[in-house]
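> Sharing a sequence plus its predicted fold:
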Amino acid sequence: MKVDYQKALDIYIKLCENSAGLNLMKLIEITGLKSPFEEETIRELAEFLKGEVELAYANFKATK
């Protein structure tokens, strides 16, 4: 997964600018983030984390 630091900063700034007056779902909508309540989002996150754990485990085993 490639990290886009500029995009992350832009989203963070939008969140900061709007967080006082909007609810969570509206903030998710205006920032273009994926809803953490959607099954697909949870599935994608689980797949990503599984890959990260597998990579970390492989690196751990390689140092033994």
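That came through fine.
> got any ranges where the chain has weak pLDDT?
For the chain, applying pLDDT under 70 flags the ranges 1.
> longest helix anywhere in it?
In the chain, taking DSSP state H as the definition, the longest helix is helix 39-62.
> buried ones in that one?
By 16 or more other C-beta atoms under 10 Å, helix 39-62 has no buried positions at all. C-betas here are computed from N, CA, C, even on glycine.
> now stretch 7-22
Within stretch 7-22, the residues that count as buried by 16+ other C-beta under 10 Å are Ile11.
> quick check, distance from that stretch to the centre of its chain.
15 Å (C-alpha atoms, centre = their mean, to the nearest Å).
> Extract the C-alpha set from that stretch and format it as CSV.
Only the C-alpha atoms of stretch 7-22 are listed here, as CSV (Å, rounded to 0.1, in the frame of the first residue of the first chain):
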residue,chain,number,x,y,z
LYS,A,7,-3.6,13.4,0.5
ALA,A,8,-3.6,12.4,4.2
LEU,A,9,-2.7,15.9,5.3
ASP,A,10,-5.4,17.4,3.1
ILE,A,11,-8.0,15.0,4.6
TYR,A,12,-6.8,15.8,8.1
ILE,A,13,-7.1,19.6,7.5
LYS,A,14,-10.7,19.1,6.2
LEU,A,15,-11.5,17.1,9.3
CYS,A,16,-10.1,19.8,11.5
GLU,A,17,-11.9,22.6,9.7
ASN,A,18,-15.3,20.8,9.9
SER,A,19,-15.2,18.6,13.0
ALA,A,20,-16.9,21.1,15.3
GLY,A,21,-20.2,21.4,13.4
LEU,A,22,-20.7,18.0,11.7
